[in-house]
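Trainee: no FASTA, just this:
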């Protein structure tokens with residue numbers, strides 16, 4: 001599954017998987033940073049958008065993954081239960097969209113626990129996947145993810161179309177050589193900012209100031225899919241969206257058309273992220289992956 005098809009022709013005998021994912025942030029992305037109720041209402045639109053997104057996924061008979069902060073689960077339990085009842089995966093996305101890098105280890109553990117408690121209270125299940133709010137990690141967050149028993153994470157970018165295993169204990173500085181840590185049994189489902197709808201569609205001073213038309217985003221996302229279909233047999237295309245962003249009319253119409261385009265390709269399937277990560281892990285144990293030819297496996301320098 002780690003091999004790359006360089007023939008340049010579509011390999012219709014091999015599967016390419018698409019994982020559509022949605023960060024249902026809602027109010028949680030705003031309450032810590034803004035005292036402006038107009039800002040907070042931008043997150044509130046997610047309650048309107050989630051049913052639209054779910055109906056679209058139903059029309060395509062497509063299952064996906066929703067990463068949900070605990071704060072959102074308690075604010076909108078009916079929407080969360082609707083997501084669950086329609087067969088979609090629910091992943092962990094913090095408590096109130098906190099950047100992990102801002103907190104010490106004990107506080108991070110408290111945030112993880114609070115998010116778990118809220119999601120389990122509403123859904124009755126414990127998530128196995130995690131996406132960090134804002135892509136924020138510090139040097140020990142991976143240790144805490146391992147402690148928490150996650151199957152996979154999705155906000156690292158060392159790969160684009162193939163999962164890999166994360167490491168704990170890396171050390172780095174601008175003055176010393178990079179020190180690779182220990183590879184652990186935690187699958188990374190690769191993330192890329194250009195595959196995230198927020199940076200293309202939402203204006204928020206100091207973070208995102210671009211307002212692209214849906215046609216531009218379609219060009220970017222479809223271009224990545226088309227390239228992967230030709231070159232990355234067995235790989236996965238991960239798209240990250242937010243109901244309050246993608247759920248606007250013209251954007252949702254673009255997503256509808258893009259899903260149809262991808263589904264029309266022989267050998268393409270749509271999966272929840274946990275399902276793909278579980279299958280990949282079964283086929284690629286840590287030991288097998290470390291013995292593979294992946295360029296992400298750390299290898300000591302050998303002179304000569």
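Mentor: Cool, the structure landed. Because the structure is predicted, anything quoted here is derived from the model rather than measured. Residues are numbered from 1 along each chain as shown.
Trainee: ok, and the helix or strand in the protein with the lowest average confidence?
Mentor: The helix or strand with the lowest mean pLDDT-type score in the chain, counting by mean pLDDT, DSSP states H and E, is strand 208-209 (a mean of 76).
Trainee: what's next to it, contact-wise?
Mentor: 198-199, 202-203 (CB atoms under 8 Å, 6 or more residues apart in numbering). Using the backbone N, CA and C atoms, a C-beta is placed for each residue, glycine as well.
Trainee: nearest to residue 152, of these?
Mentor: For the contacts of strand 208-209, the residue nearest residue 152 by CB to CB is residue 198; the value is 21.3 Å.
Trainee: Show me how far stretch 82-101 is from its chain's centre.
Mentor: 11 Å (CA atoms, centre = their mean, to the nearest Å).
Trainee: Could I get the average pLDDT for it?
Mentor: On average, the pLDDT along stretch 82-101 is 95.
Trainee: before we move on, what about stretch 262-276?
Mentor: Per-residue pLDDT over stretch 262-276 has a mean of 97.
Trainee: Quick one: the helices in the stretch 51-200 of the chain, in order.
Mentor: Under the criterion DSSP state H, counting those that start in this stretch, the stretch 51-200 of the chain contains helices at 70-75, 77-85, 105-123, 141-147, 198-201.
Trainee: can you redo those helices as CSV with distance to residue 18?
Mentor: Formatted as CSV, these follow (distance: least, CB to CB, whole Å):
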stretch, distance to residue 18
helix 70-75, 24
helix 77-85, 18
helix 105-123, 24
helix 141-147, 25
helix 198-201, 18
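Trainee: element containing residue 47, please.
Mentor: helix 37-59 (DSSP states H and E).
Trainee: if we can go back for a sec, partner strands of the least confident helix or strand of the chain, with direction?
Mentor: Strand 208-209 pairs in its sheet with strand 203-204 (antiparallel), by DSSP bridges.
Trainee: who's in contact with the residue positioned nearest the centre of the chain?
Mentor: In the chain, the centroid-proximal residue (CA atoms, centre = their mean) is residue 154; its distance is 4.3 Å. By CB under 8 Å, 6+ apart, the contact set of residue 154 is 21, 67, 91, 129-131, 188-191, 238, 240, 273.
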